[in-house]
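>>> Sequence and predicted structure, then a few things I'm wondering about:
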Amino acid sequence: MNLQLLIVIVYIAALFAISAYAKKLTKKGDSESFILAGRKLSAPIVAVTVTGLAIGGASTIGVAENAYNSGLAAGWYNVAWGIGAIGVGLLTAKKYRSLNVSTVPELFEKYYGNNARALMVFSQIIVMVVIASLQYLAGGAILASLLPGIFTIKSGMIVSAVVFVSITFIGGMWSAGLSNILNVALIYIGIIMASIASISSLGGLQEISLNLPSDVPYFHLIDGIGLGMIVAWIVVMFTQTQSLQAVVQISFSAKDESNAKKGFIIGGLMMLPIGFLSAVMGIAAKAAYPDISATLALPKIIMSLNPLLAGITLAALWAADVSTACNLLLGTSTLFSQDIFKRYIKPDIDENTFSLVTKLTVIVIGILTFILASSVVGILKTLLVALSLTTAFTLTMLFTIFKPSMCRKSSASATIIAGIITLVVWQLVPAVRIFSHPIYMEWIVCTIVFFGVMIIDKRKIEIIENEKEMVSNA
């Protein structure tokens with residue numbers, strides 16, 4: 001049997017074995033057990049879960065794709081993610097866990113009302129569906145490169161989708177958490193070994209540099225991307241980690257506030273090196289294969305290595321997709337079942353039916369994201385534009401926690417609407433693109449709107465009695 005195929009089969013079997021065990025930890029008919037692991041995740045599992053969420057197609061295939069054209073500076077994408085995760089650990093993870101809610105929109109309704117919750121659900125689902133679709137695209141590219149005689153990019157996307165959805169459907173947050181112990185270990189082993197081997201096989205970094213175009217600063221830490229764009233990445237990642245449901249849901253699932261905080265800080269530190277290692281392999285691919293598609297850069301250079309190492313490493317890249325997609329699918333299905341179905345369609349739903357609705361939503365979201373993935377081009381660019389929409393969520397959330405006296409009843413709705421309009425205008429009217437990235441425009445517009453509402457609207461939000469201590473200690 002083909003060695004690479006055997007490695008993939010063994011890896012998939014291991015994932016399903018872990019999910020079967022995770023299912024035993026998930027109480028039947030208990031939705032909190034499915035979507036939040038019964039709020040029992042320890043700091044190490046929080047750490048690998050948030051690392052697994054971060055290190056996906058964008059953080060490996062996407063970074064290598066960017067590095068193929070722009071150089072080592074592409075690795076700052078993962079550093080930006082790490083900074084964002086550490087920021088959650090230092091600022092908000094403990095506070096989110098103490099609120100004892102399931103979704104970010106649920107929290108918004110407590111302070112800002114039904115309209116704010118509806119807007120938040122709509123916006124969050126759009127963002128996470130876009131990000132999840134990118135994992136299918138990367139997964140298809142990986143399998144097509146790993147087993148070109150068996151998979152095309154399209155069939156690779158189908159297999160990826162089936163595995164992503166199945167793992168999530170079987171064990172929910174427990175599946176995501178426990179499978180990431182395997183995924184993150186495999187990612188680190190594979191990427192480190194492959195980066196060393198790819199450099200060695202091409203004669204070292206100096207030899208690689210001689211075969212690269214001279215008009216791109218491939219080995220400069222900043223110039224290939226530019227300081228403005230790197231700062232934009234950091235701003236984007238700090239913004240989205242503070243309020244995106246798939247991220248915050250991990251802190252909701254921790255055993256307690258301390259485990260939430262420690263887990264995010266450790267996870268953020270774990271993310272830092274992977275981006276630059278992926279970037280190095282993207283650069284090596286440029287030297288070895290100057291005319292291939294940039295999306296295939298990382299899989300192509302890995303397939304030139306020893307078959308066993310190639311199989312392990314590409315399985316590791318696929319593991320990165322699995323780890324990210326599971327959290328995104330779970331987060332999106334949680335939003336639909338909790339904030340749409342239970343809130344608006346059937347408020348009196350019993351626990352068993354609600355748990356079933358959540359699981360079935362995983363399948364529906366999986367199908368929708370696959371359809372979207374077929375039309376996505378440019379993994380990293382698409383992802384970063386979508387994540388800019390989280391600016392309004394984060395701005396409102398931070399003021400709610402740290403300075404509630406400045407928040408008004410219409411603050412959330414007005415700021416979210418402003419954020420949506422800003423991103424739509426950015427996409428449709430090129431003349432407004434006076435910054436290198438829409439995140440800058442988002443922060444400027446959303447901040448102006450937030451403070452404008454504070455002046456116009458005199459209705460202050462009410463801090464619920466048992467949360468006053470949480471706010472006062474922020």
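Perfect, I can see it now. Remember, predicted model here, so these are calculated numbers, not experimental data. Residues are numbered from 1 along each chain as shown.
>>> Is residue 125 in contact with residue 335, as I believe?
Yes. In this structure, residue 125 is within contact of residue 335 by CB atoms under 8 Å, at 5.6 Å. To be clear about C-beta, it is placed using only N, CA and C from the backbone, and glycine gets the same treatment.
>>> Give me the more crowded residue out of these two.
residue 335 (27 against 21; other CB atoms under 10 Å).
>>> Can you tell me the element that one falls in?
Here residue 335, judged by DSSP states H and E, is contained in helix 307-336.
>>> So which residues make contact with whatever helix or strand comes next after that helix?
The element immediately downstream of helix 307-336 (helix or strand, assigned by DSSP H and E) is helix 351-373. Contact with helix 351-373 is made by 28-31, 34-35, 129-130, 132-137, 140, 157-158, 161, 164-165, 168-169, 172, 329-330, 332-334, 336-338, 341-342, 349, as judged by CB atoms under 8 Å, 6 or more residues apart in numbering.
>>> counting contacts, what elements does the helix or strand containing residue 425 pack onto?
Using DSSP H and E, residue 425 falls within helix 411-428. Packing contacts for helix 411-428, counted by 3 or more CB pairs under 8 Å, 6 or more residues apart in numbering; DSSP states H and E, involve helix 104-112, helix 114-146, helix 391-402, helix 438-456.
>>> where among those is the average confidence lowest?
Comparing mean pLDDT across these, the lowest value falls on helix 114-146: a mean of 83.
>>> Now do the end-to-end distance for stretch 213-229.
22 Å (CA to CA, to the nearest Å).
>>> Report the buried residues of it.
Within stretch 213-229, the residues scored as buried using 16 or more other CB atoms under 10 Å are 216, 217, 218, 219, 224, 225, 229.
>>> Present these as CSV; the columns should include distance to residue 439.
As requested, the buried residues of stretch 213-229 are exported to CSV (distance: CB to CB, whole Å):
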residue, distance to residue 439
216, 24
217, 24
218, 26
219, 27
224, 19
225, 14
229, 10
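>>> Can you lay out those as JSON lines showing pLDDT and secondary structure?
Output for the buried residues of stretch 213-229, formatted as JSON lines (pLDDT from 0 to 100; DSSP: H, G, I helix; E, B strand; the rest coil):
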{"residue": "216", "pLDDT": "90", "secondary structure": "coil"}
{"residue": "217", "pLDDT": "93", "secondary structure": "coil"}
{"residue": "218", "pLDDT": "93", "secondary structure": "coil"}
{"residue": "219", "pLDDT": "93", "secondary structure": "coil"}
{"residue": "224", "pLDDT": "91", "secondary structure": "coil"}
{"residue": "225", "pLDDT": "92", "secondary structure": "coil"}
{"residue": "229", "pLDDT": "88", "secondary structure": "helix"}
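>>> Pick out the most distant pair among those residues.
219 and 229 (17.6 Å; CB to CB).
>>> quick revisit: any idea of the angle the helix holding residue 425 forms with helix 438-456?
Calculated by axes from the mean of the first three to the mean of the last three CA atoms, to 10 degrees, helix 411-428 forms an angle of 150 degrees with helix 438-456.
>>> ok now helix 411-428, how far from the chain's centre?
Here helix 411-428 is found 21 Å from its chain centre; the criterion is CA atoms, centre = their mean, to the nearest Å.
>>> Please identify the buried residues of it?
For helix 411-428, using 16+ other CB under 10 Å, the buried residues are 411-420, 422-423, 426.
>>> okay, the angle between it and helix 391-402?
Going by the same axes, to 10 degrees, helix 411-428 is angled at 160 degrees with respect to helix 391-402.
>>> contacts for helix 411-428?
Applying CB under 8 Å, 6+ apart, the external contacts of helix 411-428 come out as 108, 111-113, 115-116, 119-120, 123, 385, 388-389, 391-393, 395-396, 399, 432-433, 438, 441-442, 445-446, 449-450, 452-454, 457, 461.
>>> Now the buried members of those.
Burial by neighbour count, 16+ other CB under 10 Å: within these this picks out 108, 111-112, 115-116, 119-120, 123, 385, 388-389, 391-393, 395-396, 399, 438, 441-442, 445-446, 449-450, 453-454, 461.
>>> quick one: residue 129 and residue 328, what's the gap?
Distance, residue 129 to residue 328, by CB to CB, to the nearest Å: 8 Å.
>>> quick one: which of the two has more around it?
residue 328 (30 against 19).
>>> What residues does the more buried one make contact with?
The contact partners of residue 328, by CB under 8 Å, 6+ apart, come to 53, 128, 131, 132, 135, 246.
>>> go with 7 Å
128, 131, 132, 246 (CB atoms under 7 Å, 6 or more residues apart in numbering).
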